[in-house]
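A.B. asks: no FASTA, just this:
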């Protein structure tokens, strides 16, 4: 086999690996990529971005995904097979597909809902608290920042690791 044929086969296999989409608001899925099914996959991705599947996708990442999908749609217009496209266009499609896959996979992981039974201070009753992974991370970081700011203002004693203690020398017992 010639090197160009091997590269083309690898690119076609990579493109067939899947374009990340969401068929419904419940889960993130990978579909096999084909030009004839691209519009349906694109609509499923957009539907997932409006729903709960990708709710933690930032506005900047949302714009990036939509721009990549528009570029892909432009390249695939009137094409029924990938072999009809120039090698450079195939590479561009592959790169846009990887960009979409990476952003949507991370957003789906961050948007996963986790419910825990928690008891609030002053109460003996426990309740279900459901937050996304990213919401829990934001709350944890905000609590840490608040603790650090309280330490700097004198409300709390500084941590032992922030202070450079001198070693205590013991006197010999007479």
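C.D. replies: Yep, that arrived. Remember, it's a predicted structure, so these values are computed and weren't measured experimentally. Numbering: from 1, shown residues only.

A.B. asks: Report all helices and strands that the strand or helix carrying residue 148 contacts.
C.D. replies: Per DSSP states H and E: residue 148 is located in helix 133-153. With contacts defined as 3 or more Cβ pairs under 8 Å, 6 or more residues apart in numbering; DSSP states H and E, the packing partners of helix 133-153 are helix 87-110. To be clear about C-beta, it is placed using only N, CA and C from the backbone, and glycine gets the same treatment.

A.B. asks: now with 10 Å?
C.D. replies: Counting contacts by 3 or more Cβ pairs under 10 Å, 6 or more residues apart in numbering; DSSP states H and E, helix 133-153 is packed against helix 87-110, strand 113-119, strand 126-132.

A.B. asks: Please identify the most buried of these.
C.D. replies: helix 87-110 (a mean of 17; mean count of other Cβ atoms under 10 Å).

A.B. asks: Next, the angle from that one to helix 133-153.
C.D. replies: Helix 87-110 runs at 70 degrees relative to helix 133-153, counting by axes from the mean of the first three to the mean of the last three Cα atoms, to 10 degrees.

A.B. asks: still on that earlier bit, quick one: the helices and strands packed on helix 133-153 as CSV, columns for distance to residue 55 and mean pLDDT too.
C.D. replies: Compiled in CSV, the helices and strands packed on helix 133-153 are given as follows (distance: least, Cβ to Cβ, whole Å; pLDDT from 0 to 100):
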stretch, distance to residue 55, mean pLDDT
helix 87-110, 8, 90
strand 113-119, 9, 89
strand 126-132, 7, 90
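
A.B. asks: Which one of these lies nearest to residue 60?
C.D. replies: helix 87-110 (9.8 Å; Cβ to Cβ).

A.B. asks: Which other helices and strands does the closest one contact?
C.D. replies: Short answer (3+ Cβ pairs under 10 Å, 6+ apart): helix 87-110 packs on helix 3-16, strand 19-21, strand 29-31, helix 38-50, helix 59-76, helix 133-153.

A.B. asks: quick revisit: now the helix holding residue 148 and strand 113-119, what's the angle there?
C.D. replies: Computed by the same axes, to 10 degrees, the angle separating helix 133-153 from strand 113-119 equals 50 degrees.
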